[in-house]
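Novice: what follows is a predicted structure for the sequence shown.
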Amino acid sequence: MTQELFIVEDEPELAALVADYARAAGFAPVVFDDGAAALDALRNAAPALVVLDLMLPGLDGLSLCRALREFSDVPVVMVTARVEEIDRLLGLEAGADDYLCKPFSPRELMARIKAILRRCGQAPAQRAVEIDEATRRIAIHGKALDLTPSEYALLAVLARRPGQVFSRAQLLDLAFNDSIDVTDRAIDSHVKNLRRKIDAVVPGLEPIHSIYGLGYRFDL
């Protein structure tokens, strides 16, 4: 089961960035831009960890963390632009497990989150399918596939929406932007190659299913 990660941050761009990295790391991010709303949600939810901004409208991060500690021991990583030592001490004394100053690297934040969860005995399981947009690589069960650009584009569309059936026309639109160089017949050829390459790295695994009269579905 995918672990939820609460992100309490009122800067939309930063919240979205952290959510993207959290999703890529195997979490299900839930974003709040208001401290009071996040606290209400925490009374009825049990996320794996909370990324908490110190400066929030209404209920600030320190107050939220203190209130949270009255009923939950969920790990908290506090982030803030205030770098003075007293702020760090206040954050940790309020019950935060770690403290990161802005601007920070989302990769470092994810590393710290995973380290905390390992200490708590609840590190996220490795995702079955990992898609790296930057390098345009896809790995299944930790094993990278040697894909052509067309194969990457097709598999990325299928793997991002497991369980959804795509017609060949939809795959042409989503993966190839109506490229005149790719046809329905080429989709079938790419799928055949993808099945072969997946089987080469994870023998016996067949995640791409043909749905008669409709198209293809990815299940993993």
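Specialist: That came in fine, so what should we check first?
Novice: now the residue nearest the centre of the chain: phi and psi?
Specialist: With distances taken as CA atoms, centre = their mean, residue 23 lies nearest the centre of the chain, 0.6 Å away. Main-chain torsions, residue 23, degrees, to the nearest 10: phi -60, psi -40.
Novice: contact partners for the residue nearest to it when sequence neighbours are not counted?
Specialist: Nearest non-adjacent residue to residue 23, counting by CB to CB, 6 or more residues apart in numbering: residue 29, 5.8 Å away. Placement of C-beta: from N, CA and C, glycine included. Shown in contact with residue 29 (CB atoms under 8 Å, 6 or more residues apart in numbering): 4, 5, 6, 7, 18, 19, 22, 23.
Novice: what's the answer for residue 138, then?
Specialist: Contacts for residue 138 were tallied using CB under 8 Å, 6+ apart; they are 129, 130, 131, 132, 144, 145, 147, 152, 155, 156, 159.
Novice: that one in helix, strand or coil?
Specialist: At residue 138 the chain is in strand, as set by DSSP: H, G, I helix; E, B strand; the rest coil.
Novice: coming back round to it: just the ones of the contacts of residue 29 in helices?
Specialist: 18, 19, 22, 23 (DSSP state H).
Novice: thought the first one was touching residue 6?
Specialist: No: when contacts are counted by CB atoms under 8 Å, residue 18 is not listed as touching residue 6 (10.8 Å).
Novice: could you tell me which residues touch both of these two?
Specialist: Here residue 18 and residue 6 have 29, 51 as joint contacts, going by CB under 8 Å, 6+ apart.
Novice: quick check: phi and psi at residue 74.
Specialist: Dihedral angles for residue 74 - degrees, to the nearest 10 - are phi -60, psi 130.
Novice: roughly how far apart are it and residue 25?
Specialist: Using CB to CB, to the nearest Å, we find residue 74 at a distance of 17 Å from residue 25.
Novice: perfect, that will be all.
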